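Asker: Build me a model:
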Amino acid sequence: MAVSDSDTNRVTARTGKAKRKSIFFLLFCLFNRTFVHMKRKMFCEISPFTYRLSMEKEIMKRCLKDSFQHTLFAKEQADSTLPVLVYRHNSLIRRRLGNVNMQLQENKATNLALAVKHIDGLLIRPGETFSVWKQVGRTTKKKGYKEGLTIAKGQPAQGIGGGLCQLSNLIHWMVLHSDLTITEHHHHDGLDLFPDFGRQIPFGTGTSISYNYIDYRVKNNTSNTYQLRLWVDDEYLCGELRAEETLPHTFHIHAENEFFSREGKDVYRNGEVYRDTIDRVTGECISRELIRTNHAKVMYECPPSIIIKEQEQ
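Answerer: Sure, this is the predicted structure:
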């Protein structure tokens, strides 16, 4: 049976129309999927501008919250040093952290030197609360702060005043060896960002801070007066936690059950951190407290020296 040219043209037209419909449908699905995905984004994720707006909103919320709560913040910085040394610790300033630009470490040294001046000598009297950001204030270029290492969305980044987490880390480590009460403490939760570099303290005892809504705060619920002494030298950030009276106890913080495990394609760092309270006179352990359970995704290439526990088949 012969097919006329008109029949062929009608088939071609129908085929072309069907193709156009298919292309239109695919484009519609793609656009719809993208639109739905965009709708699921948080406001702060839309652009750098909206991220900045979100930050300023959180900063204002924290200021309002503090004004309504009437928290009694520690403010007085004394030149004289309290007589009793509670705990002392030094923290190496310049560390090689994976492939992070070492200039950021140099800048961190500058940032730390500026920040400690606002805390050194601070007295934390009974009933008072110490806040990192209430003392240090906002870090800006005008004040001399430089671009330092920060963590954003679980990845290394940089920002003005970066690197001050090392300051709050040092203070937190000293506070753990005292009777002071931690009222606000944030972690870089769930991530092991860098390989160990001369680690001195257990993994998971660090802090995360960001002006001013992610703070580190400690309240003195004792009858003793505490003092923070902080300074920097060519290599180290140095700190002492001091008190007016001798504490009846000492504290020992240590890690147990540490191991690396493979879970699917990822490696995790596991462990527990305990705080033992020791009687100063008898040396006996009075109590043991689990202060941290770690299960952190490793974000770097594990060196051959790390033994990874494989999943059982």
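Asker: Can you read off the pLDDT for the nearest residue to residue 285 once chain neighbours are set aside?
Answerer: In space, and not counting its chain neighbours, residue 285 is closest to residue 276: 5.0 Å by C-beta to C-beta, 6 or more residues apart in numbering. Glycine gets a C-beta too; all of them are placed from N, C-alpha and C. Per-residue confidence at residue 276 stands at 98 (pLDDT).
Asker: and residue 276, what element?
Answerer: strand 266-279 (DSSP states H and E).
Asker: The closest residue to residue 73 other than its chain neighbours: which element?
Answerer: Counting by C-beta to C-beta, 6+ apart, residue 73 lies nearest to residue 134, which is 5.0 Å off, once chain neighbours are set aside. Here residue 134, judged by DSSP H and E, is contained in helix 132-136.
Asker: would you list every one of the strands in the stretch 201-313 of the chain?
Answerer: Assigned by DSSP state E, counting those that start in this stretch, the strands in the stretch 201-313 of the chain fall at 217-219, 226-232, 236-243, 249-263, 266-279, 285-298, 308-309.
Asker: so which of these gets nearest residue 46?
Answerer: strand 285-298 (26.3 Å; C-beta to C-beta).
Asker: got the buried residues for that closest one?
Answerer: By 16 or more other C-beta atoms under 10 Å, the buried positions in strand 285-298 come out as 292, 294, 296, 298.
Asker: Let me have those in CSV, adding pLDDT as columns.
Answerer: Below are the buried residues of strand 285-298 laid out as CSV (pLDDT from 0 to 100):
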residue, pLDDT
292, 96
294, 96
296, 95
298, 94
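Asker: now, among those residues, which is nearest to residue 187?
Answerer: Relative to residue 187, the closest of those is residue 292; by C-beta to C-beta it sits at 8.3 Å.
Asker: From residue 271, how far out is the closest one?
Answerer: Remark: distance between residue 292 and residue 271 (C-beta to C-beta, to the nearest Å) = 8 Å.
Asker: Ignoring the adjacent residues along the chain, who's closest to residue 94?
Answerer: Of all residues not flanking residue 94 in the chain, residue 105 sits nearest, at 4.5 Å (C-beta to C-beta, 6+ apart).
Asker: So that neighbour lies in a helix, does it not?
Answerer: Yes. Counting by DSSP: H, G, I helix; E, B strand; the rest coil, residue 105 is located in a helix.
Asker: hmm, back to that, is it correct that the residue nearest to residue 285 is in contact with residue 288?
Answerer: Yes. Between residue 276 and residue 288 there is a contact under C-beta atoms under 8 Å: 5.2 Å.
Asker: Could you look up the SS state of residue 174?
Answerer: Recorded secondary structure, residue 174: helix (three-state DSSP).
Asker: Double-check it against residue 239; I have them as touching.
Answerer: Yes. Using C-beta under 8 Å, residue 174 is in contact with residue 239, at 5.8 Å.
Asker: Need the overlap of contacts for these two.
Answerer: Taking C-beta atoms under 8 Å, 6 or more residues apart in numbering as the criterion, residue 174 and residue 239 both touch 88-89, 228.
Asker: Identify all contacting residues around stretch 67-77.
Answerer: With C-beta under 8 Å, 6+ apart as the test, stretch 67-77 has contacts from 119-125, 127-131, 134-135, 220.
Asker: mind showing which ranges of the stretch 201-313 of the chain have poor pLDDT?
Answerer: Applying pLDDT under 70 to the stretch 201-313 of the chain flags residues 313.
Asker: Adding distance to residue 48, write the buried residues of strand 285-298 out as CSV.
Answerer: Output for those, formatted as CSV (distance: C-beta to C-beta, whole Å):
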residue, distance to residue 48
292, 34
294, 32
296, 28
298, 29
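Asker: Show me which of those is closest to residue 280.
Answerer: Taking C-beta to C-beta as the measure, residue 280 sits nearest to residue 292 out of those, at 24.6 Å.
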